[in-house]
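Student: Structure for the following, please:
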Amino acid sequence: MVKAKWSSAWRSSAKPSKQRKYRANAPLHIAHKLLSAHLSKELRQKYKIRSLPLRKGDKVKIERGKFKRVIGEVDKVSLTKRKVLVRGAEIQKKAGSVKIPVWLEPSNLTIISLNLEDKARARALEGAQAQKAK
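Tutor: This next block holds a predicted model:
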């Protein structure tokens, strides 16, 4: 019998190994949801939602790690790495050398302002806001 590559049933498992397997082998449409970050208090009050998947162009604040309190814009979102690049979070190996961007975990970020150029994302937020208001 062939073992399943991925199963949605693993999400409800209490076993840490199955939780890791769920995240590691998740298809891209599920991985997109795993790349969510908390919204700031102001955005949370406005949209009545706690977290949203990150998009290129979102303005975020780094909450943990070496770049704590740095505010920058999301430059790139990698579904395969499950990480994001933020403008302003870069390291320099030697003085005067090239700055290397650092991949960050989305759980360590807070969204300060949203990129609403995508009309579908804006409509989804309005719909969720209307549903929560009921």
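Student: Point to the helix or strand of this structure where mean pLDDT is at its lowest.
Tutor: Each helix and strand of the chain was given a mean pLDDT (mean pLDDT, DSSP states H and E); the minimum falls on helix 119-133 at a mean of 85.
Student: Report how many residues lie close to residue 90.
Tutor: Look at residue 90: counted by other Cβ atoms under 10 Å, it has 15 neighbours. Quick note: C-beta positions are derived from backbone N, CA and C, even for glycine.
Student: what do you get for the one 10 residues further on?
Tutor: Counted with other Cβ under 10 Å, the burial measure for residue 100 works out to 9 neighbours.
Student: Next one: it relative to residue 16, how far apart?
Tutor: Distance, residue 100 to residue 16, using Cβ to Cβ, to the nearest Å: 32 Å.
Student: do residue 93 as well
Tutor: On the measure of Cβ to Cβ, residue 93 and residue 16 end up 35 Å apart.
Student: One more: residue 56?
Tutor: According to Cβ to Cβ, residue 56 stands 32 Å off from residue 16.
Student: more neighbours, these two?
Tutor: Shown here are residue 56 and residue 16; by other Cβ under 10 Å, residue 56 has more neighbours (13 against 8).
Student: Please name the nearest non-neighbouring residue to the more buried one.
Tutor: Distance criterion Cβ to Cβ, 6 or more residues apart in numbering; nearest residue to residue 56, sequence neighbours excluded, is residue 74 at 5.5 Å.
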